[in-house]
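S.K.: predicted model and sequence follow; I will ask about them next.
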Amino acid sequence: MPPHNWMNDPNGPIFWKGKYHLFYQLNPNAAIWGDMHWGHAVSADMVHWHHEPVALAPTPGDPDSEGCFSGSAIVFNGRPTFIYTGVQNATPELMTLHDGNGKLRETQMLATAEDDALLHWKKRAQPIIPSPPAGMTVTGFRDPCPWHEDDGWYLGVGSGEREKGGCVLLYRSHDLLHWEYLHKLTEGKPNGLQAQNPCDSGEMWECPDFFPIDGHHCLFYSTENKVIWTTGEYDARAHLYTPKRRGVLDHGAYYAPKSFLAPDGRRILWGWIRETRPEAEFSAAGWAGAMSLPRVLGVGSEGQLTMTPAVEVETLRQAPTHPALQTGSPWRQSLDHLRWELSLTIPEGTPTISIRLRTGDQHLWELLLDCAQRTIQSGDTHFEVSDLTSPGSALRIFLDGSVVETIVGNTAALTSRVYQLHPGETELEILASGNGSVRATLWPLQPISKDRLTS
Ligand code: FRU
């Protein structure tokens, strides 16, 4: 959670001098979106965190005067460097952000770390990319994602065009200051949808993240309130990416994720867990948004994305219990606190399982697994999974306060928000049908601090 007020996208995650740094979109002055700064948290283990002062703040009069939007961190000439989007009020000819609210111009900006604790950042006053490609009327122009190749630095920028779809614009540079526009790295297709905000119609792709992994390339982008993963082929000569497989990265309240490389080579993903309650409620609560658990990414033999919670998270486990589940009769346990991990291994032939959080007769959250159909339902959300019963497809559910993160057999995820849970009153209920023996393990988790905040 942010120290207070509003958090959205993870920004510029980087491992530097023995520490994990996570920056994120922060409104330090209210628990609603706006006035974007980059908050900063640091950790030795990705589990326990320490809040640092704000890393980037808007500079009056500069191209980021109205906000420091999302971006990435890389190391250039031995120094951590941010490339991010600055927004500024502009005349209609210069505006690039067409969502029906305001007249913002987006430009790509650069900042350099001045110390190894990454507390002080020197911003360049002028943009490194001042405008979208000539002749293109974009729906948006933001969230730069850089990487290095043999012949220089490359940068993808989230964008799109009305009636054409979202895209990633590709640039190249040798010094990070001068950028040449090449072409679209890849683009979506017209889908017939229209909305005032192009993010709602798929005509704007936010927060692209592009990287090689397990012999494939991956591109993630966020649009229509969802994160799309794709895996495919990158033609490193033509600098074109062709997605071959795609899916929804998380079927719940999860958006704008960003990955980085851990020192041991794992590619780890952070995602923003949105609020699902009304703005008036989170604004009154004084905080909004949280970061997901770190997920280790991979790509399976058939090109499917895999996600596994980082093993570091397991250090929070306390002595487990093994609920004795009897098919046909519900197993229930009252929750005296709201920090749990549940793992379920489902034998072949199990028809259905339901997992619920309930207070009295009220079902606050439920997951209904249809193992034969390979479908999962939770409230209005319904999705298919590749498998539920093969070895290695265990279901893991993490509960922390109002957040429930479910990972299904490493290939599907659902992040839910449940606000009415009450320790001492709320029960966990598991009900399986059929004759097989479902194995369940329930771990209470240690708190990461006394108040769910970082230290
Ligand atoms: C995604 C996003 C980004 C933008 C940032 C602004 O949630 O809209 O496209 O850079 O949030 O806070």
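M.R.: Structure received. Numbering: from 1, shown residues only.

S.K.: list the contacts of the most centrally placed residue in the chain.
M.R.: Within the chain, one residue has its C-alpha closest to the average C-alpha position: by CA atoms, centre = their mean, that is residue 271, at 2.0 Å. Contact analysis of residue 271 by CB atoms under 8 Å, 6 or more residues apart in numbering lists 10, 227, 249-250, 254-258, 291-292, 295, 415. (Glycine included, C-beta is placed from N, CA and C.)

S.K.: and the helix or strand where it lies, does that touch the ligand?
M.R.: Assessed by DSSP states H and E, residue 271 sits inside strand 267-273. No. Contact between strand 267-273 and the ligand is absent, the nearest approach being 6.6 Å (criterion: CB under 6 Å from any ligand atom).

S.K.: pairing partners for that strand, with directions?
M.R.: Taking DSSP bridges as the criterion, strand 267-273 forms sheet pairs with strand 254-261 (antiparallel), strand 290-291 (antiparallel), strand 295-299 (antiparallel).

S.K.: who touches the shortest one?
M.R.: So that's strand 290-291. 1, 7, 10, 22, 24, 270-273, 403.

S.K.: can you name the residue of the stretch 351-455 of the chain nearest to the ligand?
M.R.: When distances are taken as CB to the nearest ligand atom, the stretch 351-455 of the chain reaches nearest to the ligand at residue 415, 14.7 Å away.

S.K.: of all the residues in the host helix or strand of that residue, which ones are buried?
M.R.: Take DSSP H and E as the rule and residue 415 turns out to sit in strand 412-417. Neighbour-count burial for strand 412-417, with 16 or more other CB atoms under 10 Å as criterion, is recorded at 412-417.

S.K.: circling back to that earlier point, top of the contacts of residue 271 by number of neighbours, please.
M.R.: With neighbours defined as other CB atoms under 10 Å, the most crowded of the contacts of residue 271 is residue 258; it has 27 neighbours.

S.K.: quick check: that residue touching residue 269?
M.R.: Yes. Using CB atoms under 8 Å as the test, residue 258 is close enough to residue 269 to be in contact (7.2 Å).

S.K.: got the angle for the strand holding residue 415 vs strand 295-299?
M.R.: Taking axes from the mean of the first three to the mean of the last three CA atoms, to 10 degrees, one finds that strand 412-417 is oriented at 160 degrees with respect to strand 295-299.

S.K.: which parts of the chain sit against the ligand?
M.R.: On the criterion CB under 6 Å from any ligand atom, the ligand has as its neighbours in the chain the residues 8-9, 25, 36, 69-70, 85, 142-143, 206-207, 255-256.

S.K.: OK, contacts around residue 413?
M.R.: Residue 413 is in contact with 249-252, 254, 295, 307, 405-407, counting by CB under 8 Å, 6+ apart.

S.K.: pLDDT score for the residue nearest to the centre of the chain?
M.R.: Confidence per residue is given as pLDDT, and for residue 271 that number is 98.

S.K.: what do you get for residue 452?
M.R.: For residue 452, the predicted pLDDT is 68.

S.K.: make 26 the starting number, not 1.
M.R.: Taking 26 as the first residue, the last one we looked at is residue 477.

S.K.: show me what contacts residue 35?
M.R.: With the criterion set at CB under 8 Å, 6+ apart, residue 35 makes contact with 47-49, 281-283, 295-297, 316.

S.K.: can you tell me the helix or strand for the closest residue to residue 219 other than its chain neighbours?
M.R.: Closest residue in space to residue 219, ignoring its immediate chain neighbours: residue 226 at 5.6 Å, by CB to CB, 6 or more residues apart in numbering. Using DSSP H and E, residue 226 is not contained in any helix or strand.

S.K.: tell me the SS of the closest residue in space to residue 391 that isn't next to it in sequence?
M.R.: Once its chain neighbours are removed from consideration, residue 391 has its nearest residue in residue 381; the separation is 4.4 Å (CB to CB, 6+ apart). The assignment at residue 381 comes out as strand when based on DSSP: H, G, I helix; E, B strand; the rest coil.

S.K.: I figured residue 381 hits residue 453, correct?
M.R.: Yes. Contact criterion CB under 8 Å: residue 381 and residue 453 qualify, at 7.4 Å.

S.K.: out of those two, which sits in the busier spot?
M.R.: Just comparing residue 381 and residue 453: by other CB under 10 Å the higher neighbour count belongs to residue 453, 21 against 18.

S.K.: show me what that one bridges to in the sheet.
M.R.: Beta-bridge pairing of residue 453 under DSSP bridges involves residue 358, residue 382.

S.K.: residues in contact with the residue of the stretch 376-480 of the chain closest to the ligand?
M.R.: With contact taken as CB under 8 Å, 6+ apart, residue 440 is in contact with 275, 277-279, 296, 298, 317, 428-431.

S.K.: same list (these) but as a markdown table, adding secondary structure.
M.R.: A markdown table is the format used below for these (three-state DSSP):
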| residue | secondary structure |
| --- | --- |
| 275 | coil |
| 277 | coil |
| 278 | coil |
| 279 | strand |
| 296 | strand |
| 298 | strand |
| 317 | coil |
| 428 | strand |
| 429 | strand |
| 430 | strand |
| 431 | strand |
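
S.K.: what number of residues lie near residue 52?
M.R.: 22.

S.K.: leaving out the residues flanking it, which one is nearest to the residue lying farthest from the centre of the chain?
M.R.: Distance from the C-alpha centroid of the chain, by CA atoms, centre = their mean, peaks at residue 460 (38.2 Å). Leaving aside its sequence neighbours, residue 460 sits nearest to residue 352 (CB to CB, 6+ apart; 6.2 Å).

S.K.: outline the domain layout of the protein.
M.R.: For the chain, the structural domains run 30-326, 342-469, going by automatic domain parsing.

S.K.: so which of those is the most surrounded?
M.R.: Counting by mean count of other CB atoms under 10 Å, domain 30-326 has the highest mean neighbour count of the domains of the chain, with a mean of 19.

S.K.: what is the end-to-end distance of that domain?
M.R.: Looking at domain 30-326, the gap from its leading to its trailing residue is 42 Å under the measure CA to CA, to the nearest Å.

S.K.: ok, now stretch 378-397?
M.R.: Using CA to CA, the gap from the first to the last residue of stretch 378-397 comes to 11 Å.
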